Each structure stands twice: as C-alpha cells, then as structure tokens.
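Enquirer: Any chance you can model this:
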Amino acid sequence: MSVKPMLGMWVVAAIGSGMLTPALADHWRDGREGGDWKDEFWDGPCKVKLESDDDEYKEEIKCPNGRGARWRRGEWKDEFWDGACKVKIEAKRDEYKKEVKCERDDDD
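Expert: Sure thing, here's the model as predicted:
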C-alpha cells in the first residue's frame, strides 16, 4: 500500500475520533459516580465549565462572539429524557448550557 492512501486513512480516523469526543462527554457518570466535582478549562476560544453533584450534571460553554462554537446556529432549546435522566439544552450564538438530572434508584 502506498503512503498517500495510508495517510488518508489516518487523517479520516483522526477526524472521526475528534467528532466523537463531544458524544463521549455525555457519559459523565463513568468513573465519577457518587461524588461532587467541578472542572473549568478552555477549549480553543471557548470557556468550558463542568459541574456534577450526585445525580445532576451541568455543562456550560461560552464562546466570545460565537467564535469556536460547535453547536447548531441560532437560539434554540431542547428538552428530552435519556433513560432515567432528563436533559435540558439551551443554546445561543455564544453560549451553550446543558443540564442533566437523573432520578435516583434507591434499590442500590
């Protein structure tokens, strides 16, 4: 196999894994269940705040002037259930907020 097709495959794999990264953030309970934690960091020009408190998770992303925003354009809201968790999303041009609240299963 020549170098160009091999390099092309690696580029496609890298782009694909980069696109999956936000989806992996939805599995916020993995390895951190049962504790309170906060995290703040910069993702390019955007400031990201993550916060968890037992059965609640909040994510807030602020991008000055909308630069670096990766969500659908315009103002919109969405609310849905993901299993036993209620998800609320609110997006603006320069701000994205996601809140996840899960019903506690007392059988554990």
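Enquirer: Please enumerate the helices of this structure.
Expert: 3-24 (DSSP state H).
Enquirer: helices and strands of it: which one bottoms out on pLDDT?
Expert: Between all helices and strands in the chain, the lowest mean by mean pLDDT, DSSP states H and E belongs to helix 3-24, at a mean of 54.
Enquirer: Can you give me the neighbour number for Arg93?
Expert: 13 (other CB atoms under 10 Å). Placement of C-beta: from N, CA and C, glycine included.
Enquirer: Near the closest residue to it other than its chain neighbours, how many other residues are there?
Expert: Nearest non-adjacent residue to Arg93, counting by CB to CB, 6 or more residues apart in numbering: Gly66, 4.3 Å away. Neighbour count for Gly66, taken as other CB under 10 Å: 14.
Enquirer: Which pLDDT value does the model give Gly66?
Expert: Gly66 is assigned 88 on the pLDDT scale.
Enquirer: if I read this right, it contacts Asp94, doesn't it?
Expert: Yes: contact criterion CB atoms under 8 Å: Gly66 and Asp94 qualify, at 4.6 Å.
Enquirer: Okay, Lys97 and Gly68: tell me how far apart.
Expert: 16 Å (CB to CB, to the nearest Å).
Enquirer: Could you list the low-pLDDT ranges of the protein?
Expert: 1-34, 105-108 (pLDDT under 70).
Enquirer: just the strands in the protein please.
Expert: When secondary structure is read from DSSP state E, the chain shows strands at 36-43, 46-53, 56-62, 76-82, 85-91, 95-102.
Enquirer: Can you list the helices and strands that the second one packs against?
Expert: Spelled out, it's strand 46-53. Taking 3 or more CB pairs under 8 Å, 6 or more residues apart in numbering; DSSP states H and E as contact, the helices and strands that strand 46-53 lies on are strand 36-43, strand 56-62.
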